[in-house]
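> Structure of the sequence below:
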Amino acid sequence: MRNADEQILRDFRLRKTSSRADILHLFIDHPYALSYSDIEREVAESYDRVTVYRTLKTFLDKGVVHKVLDDAGGLKYALCKDHCTSAEHHHEHVHFKCINCGQTNCLEDVKIPEVQLPKGYKARELNLLIQGLCSKCQ
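Numbering: from 1, shown residues only. This next block holds a predicted model:
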């Protein structure tokens, strides 16, 4: 198991398994959001669909990864930079999807502006996706 993988699993008090280490390493190696199918394709020879699904659900529930919505209504996952918990994710940042390469990146330093909702509404989750050309594709 790699040092960064071990540290993250320790920080979140997760038991070390090969599937958790391998899937976590994918997130560390890819600085952009990954879809379920991206992850499954990378580990298909080692783990079945159920193992991948359960590992992602555990990571999401514990605060290791967060959900990133994509323009087609799909779901991607990205490694949490701040220490999130099982009770609360802190991801009021912008996500950027490149229209050329298709990668979706977390822009941690770009915060979602405060939105005043009408009386009687309460937000539980904020998502802001900006599409354009990333720095590599310009």
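> all contacts plus neighbour counts: C-alpha atoms, from now on.
Will do.
> Quick check: R10 is in a strand.
No. With DSSP: H, G, I helix; E, B strand; the rest coil as the criterion, R10 is assigned helix and is not in a strand.
> What part of this protein, helix or strand, is modelled with the least confidence?
The least trusted helix or strand in the chain, going by mean pLDDT, DSSP states H and E, turns out to be helix 3-11, with a mean of 84.
> Tell me what angle the helix or strand following that helix forms with helix 3-11.
Once the chain leaves helix 3-11, the next helix or strand it forms, by DSSP states H and E, is helix 18-29. Angle of helix 18-29 versus helix 3-11, following axes from the mean of the first three to the mean of the last three C-alpha atoms, to 10 degrees, is 120 degrees.
> tell me the mean pLDDT for helix 18-29?
In this model, helix 18-29 has an average pLDDT of 94.
> next one: that helix to chain centre, how far?
Relative to the centre of its chain, helix 18-29 is centred 12 Å away, using C-alpha atoms, centre = their mean, to the nearest Å.
> picking up where we left off before, helices or strands up against the least confident helix or strand of the chain?
Under the contact criterion of 3 or more C-alpha pairs under 8 Å, 6 or more residues apart in numbering; DSSP states H and E, helix 3-11 touches helix 18-29.
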